[in-house]
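Asks: got a predicted structure here, sequence first:
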Amino acid sequence: MAIPTEPIGSIPRPPALIEAVRGVRSGRVSEAELISQCDAAVQDTIARFEATGSKVITDGEQAKESFATYPIHGLTNIAADGIPIPFADGHIRQFPRLSAGPFRYRTPADVYLEIAQRYAHVPIKQAVISPSALSLLYPQGAIPGYSREEYFDALLREQEGEIRRCLQRGAHAVQIDFTEGRLSIKLDPTRRLLRSFIDLNNLLLERFSAEERKRIGVHTCHGADRDSTHSAGIDYAELLPSLFELKAGNFYMQLASEPDRKRVLKMVREYKKSHQRVFVGVINVLERRVETPEEVRDRVLEAAEYIPLDQLGTTDDCGFAPFSDDSSRSRVTAFAKIGARVAGTRLAARILGID
């Protein structure tokens, strides 16, 4: 039994793809050229992923505008002036707003999976956005003729469909991105918002069987965009009891960048359920320096003191470029870090006698 290791999702886009996206917005580049650039970026990303020795890969989210808004990009009933998400360095990501009903996805995640499977030689993990994140699309004031309940019904229906199709297409796993978990506590210290997020996400997870949920996971982090975070100041202790109430089989946790990893691991040991696997972050994506395999090895061995080996996995803290215009990290650095994660996890497994 080896220790499984998986990426979170996004990889920095090639400069040519970033320029093509800008060119489409300004009218200088055709949609056909953008599609060609996306396809080339996916092929290159998969080849580089496989070269690291990764047994499970992603498409790097090369064709997604962002990890959060990919399914609604291009819809005509979406306005730009939604909830602002402030980051610690002062920059803001503006979340969009639903301006009218009905709601329907434009590009579900299984579309990206199908493209990636044309080129991959190893299993592919597919990331999807959480219901709780997209619940923020609905404005605080009602939409005339389209209630919040109608929106949630449509949202859950769309998300169940994309996850189910990903599983049916043979995705190794489906990862629900729940980066707004810690952020919700920053927005509402009473944790009522977090409670509503957990309940909504469970409404989605309950649509799947216990066997299907073994291939469905949840990712949590403090945000990672342009070398900054949106909720690193929120103590994990505020989130973890609720996090493991989610009815998922796998949890992908940002941990390498935590100032006191052992404290967090003790809480994980206390709150995780016996059927849940925890993939601990062993790569700090916000740090420019590439970790050595030996550093990763030591982080895995540290985690193994608190998490049973049959419930332990490794991952990166976050995606390397969750938004398509983020060029703060290079592809070379991202894949070097991934290679260190793969090699370091293997070293730890050998020491633990399970390689």
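Replies: All right, it came through fine. Only a predicted model underlies this, so the values are computations on that prediction, with no experimental measurement involved.
Asks: wait, R299 sits on T292?
Replies: No: R299 lies out of contact with T292 (CB atoms under 8 Å); the separation is 10.9 Å. Any C-beta I mention is one placed from the backbone N, CA and C, and that applies to glycine too.
Asks: give me the more crowded residue out of those two.
Replies: Taking neighbours as other CB atoms under 10 Å, R299 and T292 compare with R299 leading, 24 against 12.
Asks: picking up where we left off before, what is in contact with R299 and T292 at once?
Replies: Taking CB atoms under 8 Å, 6 or more residues apart in numbering as the contact rule, R299 and T292 both touch G344.
Asks: what about the strands in the stretch 251-355 of the chain?
Replies: 277-283, 312-316 (DSSP state E, counting those that start in this stretch).
Asks: the ones you listed into a markdown table, with extra columns for mean pLDDT and mean neighbour count?
Replies: Listed next are the strands of the stretch 251-355 of the chain as a markdown table, based on pLDDT from 0 to 100; neighbours: other CB atoms under 10 Å:
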| stretch | mean pLDDT | mean neighbour count |
| --- | --- | --- |
| strand 277-283 | 98 | 26 |
| strand 312-316 | 98 | 26 |
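Asks: would you format these as CSV with distance to R329 included?
Replies: Output for the strands of the stretch 251-355 of the chain, formatted as CSV (distance: least, CB to CB, whole Å):
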stretch, distance to R329
strand 277-283, 12
strand 312-316, 11
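Asks: strands of the stretch 1-150 of the chain, start to end?
Replies: Counting by DSSP E, counting those that start in this stretch, the stretch 1-150 of the chain has strands at residues 78-79, 84-86, 92-94, 97-98, 125-129.
Asks: and I57, how many neighbours?
Replies: For I57, the tally of surrounding residues (other CB under 10 Å) stands at 24.
Asks: other residues contacting stretch 118-128?
Replies: So stretch 118-128 is contacted by 6-10, 42-43, 46-47, 50, 54-59, 61, 67, 109-110, 112-113, 116-117, 159, 162-163, 166, 170-177, 219, 319 (CB under 8 Å, 6+ apart).
Asks: now, of the residues you listed, which are buried?
Replies: When the contacts of stretch 118-128 are checked for burial by 16 or more other CB atoms under 10 Å, the buried set is 6-10, 42-43, 46, 54, 56-59, 61, 67, 109-110, 112-113, 116-117, 159, 162-163, 166, 171-177, 219, 319.
Asks: wait, what's in contact with Y138?
Replies: Applying CB under 8 Å, 6+ apart, the residues contacting Y138 are L98, R148, Y151, F152.
Asks: I198 contacts E245, doesn't it?
Replies: Yes: if you go by CB under 8 Å, I198 and E245 touch, sitting 5.7 Å apart.
Asks: higher neighbour count, the two?
Replies: Higher neighbour count among I198 and E245: I198, with 22 against 15, using other CB under 10 Å.
Asks: how about the secondary structure of the more buried one?
Replies: Three-state assignment for I198 (DSSP: H, G, I helix; E, B strand; the rest coil): helix.
Asks: excluding its backbone neighbours, what's nearest it?
Replies: Leaving aside its sequence neighbours, I198 sits nearest to S242 (CB to CB, 6 or more residues apart in numbering; 5.2 Å).
Asks: list the buried residues of whichever helix or strand the one you found is part of.
Replies: Using DSSP states H and E, S242 sits within helix 240-243. Buried residues in helix 240-243, defined by neighbour count with 16+ other CB under 10 Å: L240, S242, L243.
Asks: do you know how far the last one is from A237?
Replies: It refers to L243. According to CB to CB, to the nearest Å, L243 stands 11 Å off from A237.
Asks: re the thing from before, for E211, which of the strands of the stretch 251-355 of the chain is the nearest?
Replies: Each of those has some distance to E211 by CB to CB; the shortest is strand 277-283, at 14.6 Å.
Asks: can you tell me the strand partners of the closest one and which way each runs?
Replies: Using DSSP bridges, the strands paired with strand 277-283 in its sheet are strand 250-253 (parallel), strand 312-316 (parallel).
Asks: and the first one, what's its mean pLDDT?
Replies: Looking back up the chat, that one is strand 250-253. Average pLDDT, strand 250-253: 98.
Asks: equivalent analysis for stretch 216-236, please.
Replies: Here the average pLDDT along stretch 216-236 is 93.
Asks: try stretch 24-41
Replies: On average, the pLDDT along stretch 24-41 is 89.
Asks: how about that stretch: buried residues?
Replies: V24, V29, L34, Q37, C38, D39, A41.
Asks: so what's the residue nearest to the last one when sequence neighbours are not counted up against?
Replies: In space, A41 comes closest to Q62 once its chain neighbours are excluded; the distance is 4.1 Å by CB to CB, 6+ apart. Contact analysis of Q62 by CB under 8 Å, 6+ apart lists I11, R13, L17, C38, A41, V42, T45.
Asks: any chance of those residues in TSV, with distance to A210 too?
Replies: Formatted as TSV, these follow (distance: CB to CB, whole Å):
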residue	distance to A210
I11	32
R13	37
L17	40
C38	36
A41	37
V42	33
T45	33
